[in-house]
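Q: Need coordinates for the below:
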Amino acid sequence: MAKKKPAATGRVRLGMVGGGQGAFIGAVHRLAARMDDQYEFVAGALSSDAARAKASGAELNLAPDRIYTDYREMAKAEAAREDGIEVVSIVTPNHMHVPVCKAFVEAGIHVICDKPLAFTLKEAKQLDALLKKKPGVIFGLTHNYSGYPMIRQAKEMIAAGELGDIRYVQAEYAQGWLATDLEKTGQKQASWRTDPKQSGAGGAVGDIGTHAMQLASFVTGLSPVELSADLTSFVKGRKLDDNVSVLLRFKGGAKGMLWASQIAIGNENALTLRIYGTKGGLDWAQENPNYLGFTELGKPRTILTRGGAGAGPAASRVTRVPFGHPEGYLEGFANIYTEAARAIVAARSGKKPPKEVTFPGIADGVAGMAFIEACVKSSAKNGKWTKV
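A: You can find the predicted model right below:
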């Protein structure tokens, strides 16, 4: 691998695998990377179809010699360049995450991968083992909701003991876009998400259930140790679940419940989190992300706002615009990218990033796959309590 020469601008050179014409999430990642001016997008293997890969790269103004038709070729070529990419963003369907990750990790290139991490838990553990052999490679996973300012606020409050001992955690993620067999129309996002050959063993539980689970664990610091799950495919002929209900037991004695659904008609992106302790409770809803409800025992419920009175340093450091202005989905993604950029810039000189820099990584990815696998096993045994 060639020694990387930092860009004159100081920005991190970024490549991407997947995210070409017809893709949704690739554009989101590119926007997020640009928001804080931390990255330069310079190379990509944007589609598994060679013609589409070339056309997509040309549309995005990549230099012709930095448009690749194969991710393995890209990893090898970029690793050999002085001005090669420092980090790659992986936005392919789930079944390709780990093979692509491995190629770039082995080439010594940092990775930011979309979730869920892998196709199987076994794959996730293999990638974890590889990263342990490459301690200089930074790995980020885009559980973007953990980048929201008021989620950081909630995490900070719980860590400070403001809720006391956590008793109950309730996470919900309700959507209605797959209430019909949309995949049969050829709609790209529906097609791969409902295909076990591309998505893995989990449907809704992998696509959005992992978001809800990661968010609950990120905020509370608690990990599930056992669960009882009921996965259902309500749409006739659908091969993967479109609705999941899970009872949770956390390390330390807290209990919880998680519901994730893509057939909940009337819901768009209703991710909510409620946490109750011995001294108080918190509630947050993604569709109104700038507000965090907080109730101290014996006192009226209060609303904390992003940037307003009561917001602590954890929320403030990932806030861009004055309070009262909406800040949400894209900014949450951008916070993950910017935190990763800080880690990468520090790594250039062999340093660790400041301790406040926080973003999901390989541990979150392995935990997510363990959650999916446990849910599938439990549901297959009629909701039997299963270790995570």
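
Q: Go ahead and flag the most central residue of this structure.
A: Centroid-nearest residue in the chain, with Cα atoms, centre = their mean: residue 143, separated by 1.9 Å.

Q: ok, now which ones touch that one?
A: Residue 143 sits next to 115, 210, 211, 214, 215, 218, 336, 360, 364 when contact means Cβ atoms under 8 Å, 6 or more residues apart in numbering. Where you see a C-beta, it was placed from the backbone N, CA and C, and this is true even at glycine.

Q: what would these look like in a markdown table with neighbour count, distance to residue 123 and pLDDT?
A: Output for those, formatted as a markdown table (neighbours: other Cβ atoms under 10 Å; distance: Cβ to Cβ, whole Å; pLDDT from 0 to 100):
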| residue | neighbour count | distance to residue 123 | pLDDT |
| --- | --- | --- | --- |
| 115 | 22 | 14 | 95 |
| 210 | 27 | 15 | 97 |
| 211 | 22 | 19 | 97 |
| 214 | 23 | 18 | 98 |
| 215 | 26 | 23 | 98 |
| 218 | 20 | 22 | 98 |
| 336 | 25 | 22 | 97 |
| 360 | 27 | 17 | 97 |
| 364 | 23 | 15 | 97 |
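
Q: Sitting in strands, which of those residues do you find?
A: Within the contacts of residue 143, no residue falls in strands by DSSP state E.

Q: quick one, strands of the stretch 51-200 of the chain?
A: Here the stretch 51-200 of the chain has its strands, by DSSP state E, counting those that start in this stretch, at 87-90, 110-113, 139-141, 166-174.

Q: Please produce JSON lines containing these, extended by distance to residue 267 and mean pLDDT.
A: Converted to JSON lines, those look like this (distance: least, Cβ to Cβ, whole Å; pLDDT from 0 to 100):
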{"stretch": "strand 87-90", "distance to residue 267": "28", "mean pLDDT": "98"}
{"stretch": "strand 110-113", "distance to residue 267": "27", "mean pLDDT": "98"}
{"stretch": "strand 139-141", "distance to residue 267": "25", "mean pLDDT": "98"}
{"stretch": "strand 166-174", "distance to residue 267": "4", "mean pLDDT": "98"}
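
Q: May I see these arranged in a markdown table, with distance to residue 202 as well?
A: Shown next, in a markdown table, are these (distance: least, Cβ to Cβ, whole Å):
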| stretch | distance to residue 202 |
| --- | --- |
| strand 87-90 | 19 |
| strand 110-113 | 17 |
| strand 139-141 | 16 |
| strand 166-174 | 13 |
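
Q: And those: which comes nearest residue 298?
A: Taking Cβ to Cβ, strand 166-174 is the member of these nearest to residue 298, at 16.2 Å.

Q: Tell me which helix or strand in this protein has the weakest average pLDDT.
A: helix 313-316 (a mean of 91; mean pLDDT, DSSP states H and E).

Q: Next, count neighbours for residue 149.
A: Residues lying near residue 149 (other Cβ atoms under 10 Å) number 28.

Q: repeat for residue 350
A: When neighbours are counted by other Cβ under 10 Å, residue 350 comes out with 7.

Q: which SS class is it?
A: Each residue gets one of three states, and residue 350 gets coil by DSSP: H, G, I helix; E, B strand; the rest coil.

Q: show me the contacts for it.
A: So residue 350 contacts nothing (Cβ under 8 Å, 6+ apart).

Q: The stretch 201-350 of the chain: helices as residue ranges?
A: 204, 210-220, 313-316, 329-348 (DSSP state H, counting those that start in this stretch).

Q: any weak-confidence spans in the stretch 251-388 of the chain?
A: Of all residues in the stretch 251-388 of the chain, none has pLDDT under 70.

Q: 80 instead, please
A: Across the stretch 251-388 of the chain, residues meeting the criterion (pLDDT under 80) sit at 309-310.

Q: Compute the first-to-last residue distance for stretch 309-322.
A: End-to-end span of stretch 309-322 (Cα to Cα, to the nearest Å): 13 Å.

Q: Over to stretch 376-387?
A: End residues of stretch 376-387 are separated by 12 Å (Cα to Cα).

Q: Over to stretch 127-143?
A: Using Cα to Cα, the end-to-end distance of stretch 127-143 comes to 18 Å.

Q: List the contacts of the residue of the chain positioned farthest from its centre.
A: Outermost residue of the chain with respect to the C-alpha centroid, by Cα atoms, centre = their mean, is residue 298; its distance is 36.2 Å. Shown in contact with residue 298 (Cβ under 8 Å, 6+ apart): no residues.

Q: Would you list the phi and psi of it?
A: Backbone torsions for residue 298, taken as degrees, to the nearest 10, come to phi 80, psi 10.

Q: Kindly provide the distance from the residue nearest to residue 259 when sequence neighbours are not counted to residue 217.
A: Distances taken as Cβ to Cβ, 6 or more residues apart in numbering put residue 172 closest to residue 259, at 4.9 Å, once the chain neighbours are dropped. Using Cβ to Cβ, to the nearest Å, we find residue 172 at a distance of 15 Å from residue 217.

Q: buried set for stretch 16-26?
A: Neighbour-count burial for stretch 16-26 flags 16, 17, 18, 19, 20, 23, 25, 26 (criterion: 16 or more other Cβ atoms under 10 Å).
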